[in-house]
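[1] with the sequence up front, the predicted model follows.
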Amino acid sequence: RHLRTLLSRPVDGLILAQSAPARNNELLEQFAARGIPVVLLGGDDLELKFPSVAFDTAGAGELAADHFYRLGHRRVAFFHAGEAGDDSARMHRVRHSFFAQAWGRRAAPAPLALVTGDPAHGGIQAAAELAAMAPAERPTAVACGTDELAISLIYALRTAGLRVPGDLSVVGCDDIPAAAEPGIALTTVKLPTDGLARQAWQLLSRKL
């Protein structure tokens, strides 16, 4: 809807922030046909028709897996949202996949998958599942698809009587401001959003 509105206005260029831009290819091609340059921000599709700037999701998975492995963890889990809407759920699945691949290059078994339909408060469900497991079988570390999920999980684990990081280590992804709260002090993979924005602008400005 917003793209159709912009097509009716004098627009010089377009940066579209979206994780699954293919659904709008037809509209984006209308911009291109009018000589309006388009840059995609955050897309991770392999067959994009337009210049795109995205995070190194594989690198993020490597950092989280390496952190856990160096701490001595060998039983790990990945906690992500699976029913949060097409774009968000897809992003979580991609992060899960890259973390699992990175962990597989370091240790076995494969990460336990913990999935929630609530990206903001799903930690209660995941913490209950972990608390119900025998200590000898329970993962000792959990990587989370986002910081939001990680914070939710930490609060829920503590409520369930599990210590973080005493009983489980938790790592997030994004480095949102809340991750630095004194009661959380979350270990997280920082995504360079400022650099992403600069690269997107540089791509667009060259075409203006």
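    That came through, no problem.
[2] tell me the helices and strands packed up against the longest helix seen in the chain.
    Ranked by residue count under DSSP state H, the longest helix found in the chain is helix 86-104. In terms of contacts (3 or more Cβ pairs under 8 Å, 6 or more residues apart in numbering; DSSP states H and E), helix 86-104 is packed against helix 57-70, strand 76-81. Any C-beta I mention is one placed from the backbone N, CA and C, and that applies to glycine too.
[3] list the buried residues of it.
    Neighbour-count burial for helix 86-104, counted by 16 or more other Cβ atoms under 10 Å, picks out 88-92, 94-96, 98-100, 102-103.
[4] helices or strands next to the helix or strand following it in the packing?
    Counting by DSSP states H and E, the element after helix 86-104 in chain order, helix or strand, is strand 112-116. Applying 3+ Cβ pairs under 8 Å, 6+ apart, we find strand 112-116 packed against strand 76-81, helix 123-131.
[5] excluding chain neighbours, what is closest to Ala128?
    Residue nearest to Ala128 in three dimensions, not counting chain neighbours: Ala160, with 6.6 Å by Cβ to Cβ, 6 or more residues apart in numbering.
[6] for the closest residue to Leu130 other than its chain neighbours, which residues are in contact?
    Nearest non-adjacent residue to Leu130, counting by Cβ to Cβ, 6+ apart: Arg138, 5.9 Å away. Going by Cβ atoms under 8 Å, 6 or more residues apart in numbering, Arg138 touches 75, 130, 168.
[7] tell me which of the buried residues of helix 86-104 has the lowest pLDDT.
    Lowest pLDDT among those: Ser88, with 68.
[8] for the chain, which residues score under the pLDDT cut-off?
    18-22, 43-48, 83-88 (pLDDT under 70).
[9] at 50 instead, please
    Residue ranges of the chain with pLDDT under 50: 84.
[10] wasn't the residue nearest to Leu130 part of a strand?
    No - under DSSP: H, G, I helix; E, B strand; the rest coil, Arg138 falls outside any strand and is assigned coil.
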